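Participant: I would like to see how this sequence folds:
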Amino acid sequence: MKKVLKVLGIILIVVIIAVFAVLKYMGNRPAVPTDYQTKTKIGGEIEAKYMANGPYEASVKEEGTLLDFGKFWIYYPSELPETDKKYPVIVICNGSGTPLSKYPTVAKHYASWGFIVIGTEETNSWNAFGAEMSIRYLERMNENQKIEDTESIFYQKVDFDNVGIVGHSQGGVGVISAITDTKHKDIYKTAVSLSPTNKTLAHNLFWDYDASQVNVPILLISGEGGGDDWVVTGEQLVEIYEDIPDNKIAVRRKSTSHNEILYKPDGYITAWFMYYLQGDEEAGKAFFGVNPEILHNELYTDQMIHFSN
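Facilitator: Coordinates of the predicted model:
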């Protein structure tokens with residue numbers, strides 16, 4: 001009997017160790033595959049161009065903070081410290097439980113196209129607190145040549161006339177909150193909200209947001225079909241879209257799950273920011289003109305577009 005108990009005890013210990021190992025792996029596993037740019041199916045030439053890396057090498061800086069989210073992550077073109085140029089900005093709002101350290105490949109990709117990209121380790125972003133603090137951090141770095149005797153590589157390098165924001169899931173709510181209900185809401189020139197939590201669920205979670213207050217061009221993307229997006233169904237995405245007064249696009253990517261929306265539409269997300277923040281007319285052809293690519297890309301459906309100017 002003692003031998004049996006001893007064996008059972010050993011088995012139990014092994015099982016506990018295995019469970020902890022799995023949990024640790026799951027906790028450290030990237031939210032985005034490192035090879036997503038080459039493995040994601042593409043349906044258009046413009047989408048393909050901006051899914052690939054841009055012409056810039058990218059570097060990263062991490063900055064600790066006493067705020068709840070622990071640190072800032074800033075990705076930027078490696079040439080930045082040696083130039084006199086100013087660079088446009090993309091702020092990132094994280095999805096639930098998904099700090100930026102779990103999807104650095106996406107931030108690095110944006111930086112390769114000439115953007116300063118900033119996000120945090122925030123895991124609850126619905127109210128855009130991390131986004132607001134990211135803007136304040138960049139303001140301080142841009143205005144001060146030295147911070148506590150440390151050189152600011154971003155001194156006079158931030159183009160605050162061209163700031164965009166993107167977020168996924170709860171972070172999609174954070175995007176809407178950032179551009180409608182924060183001190184720096186007017187600094188944003190454009191936005192991308194990926195699978196934003198539907199209005200009913202957001203209300204039940206005390207994450208209420210008011211898309212009717214959105215006054216900058218915004219791109220909404222969610223999943224559809226075999227990988228239906230349970231956080232925001234097609235009908236629920238239409239509800240959000242209809243609340244937004246003007247200058248808006250909403251699409252659903254076919255056979256794409258909620259989590260995959262964080263990265264699979266990245267070609268169009270990058271093109272959107274290239275058009276609005278860098279004036280790239282070729283990128284704009286994905287969304288505007290006589291025959292916008294996103295309207296006839298076979299990987300997307302339920303396209304809705306409304307622009308009055």
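Participant: so where do the helices sit in the stretch 51-200 of the chain?
Facilitator: Assigned by DSSP state H, counting those that start in this stretch, the helices in the stretch 51-200 of the chain fall at 104-111, 129-143, 170-180, 199-204.
Participant: just name the most buried of those.
Facilitator: Mean neighbour count (mean count of other C-beta atoms under 10 Å) peaks for helix 170-180 among these, with a mean of 29. All C-beta spots, glycine's among them, are computed from the backbone N, C-alpha and C.
Participant: for that one, which outside residues touch it?
Facilitator: 91-96, 98, 124-128, 130-132, 165-167, 184-185, 188, 191-197, 202, 207, 209-211, 213-216, 218, 232 (C-beta atoms under 8 Å, 6 or more residues apart in numbering).
Participant: residue contacts, the residue nearest to A48 when sequence neighbours are not counted?
Facilitator: Among residues not flanking A48 along the chain, I42 sits closest, at 4.6 Å (C-beta to C-beta, 6 or more residues apart in numbering). For I42, the contact set (C-beta under 8 Å, 6+ apart) comprises 48, 51, 267, 299.
Participant: helix, strand, or coil at I42?
Facilitator: coil (DSSP: H, G, I helix; E, B strand; the rest coil).
Participant: now, the contacts of I42 that are in helices?
Facilitator: Per DSSP state H, helices hold the following members of the contacts of I42: 48, 51, 267.
Participant: list the neighbouring strands of the lengthiest strand in the chain plus their orientation.
Facilitator: Taking DSSP state E as the criterion, the chain has its longest strand at strand 158-168. When sheet partners are counted by DSSP bridges, strand 158-168 sits next to strand 87-93 (parallel), strand 190-194 (parallel).
Participant: so what's E47 closest to, chain neighbours aside?
Facilitator: G267 (3.7 Å).
Participant: surely the one you found and A48 touch.
Facilitator: Yes - look at G267 against A48 with C-beta atoms under 8 Å: they come within range, at 6.4 Å.
Participant: ok, back up a step: tell me the spacing between the residue nearest to A48 and Y300.
Facilitator: 11 Å (C-beta to C-beta, to the nearest Å).
Participant: N144: what's it in contact with?
Facilitator: N144 sits in contact with 152, 155, where contact means C-beta under 8 Å, 6+ apart.
Participant: if we use 6 Å, what do you get?
Facilitator: Contacts for N144 (C-beta atoms under 6 Å, 6 or more residues apart in numbering) come out as S152.
Participant: got phi/psi on it?
Facilitator: Backbone geometry at N144, expressed as degrees, to the nearest 10, gives phi -120, psi 120.
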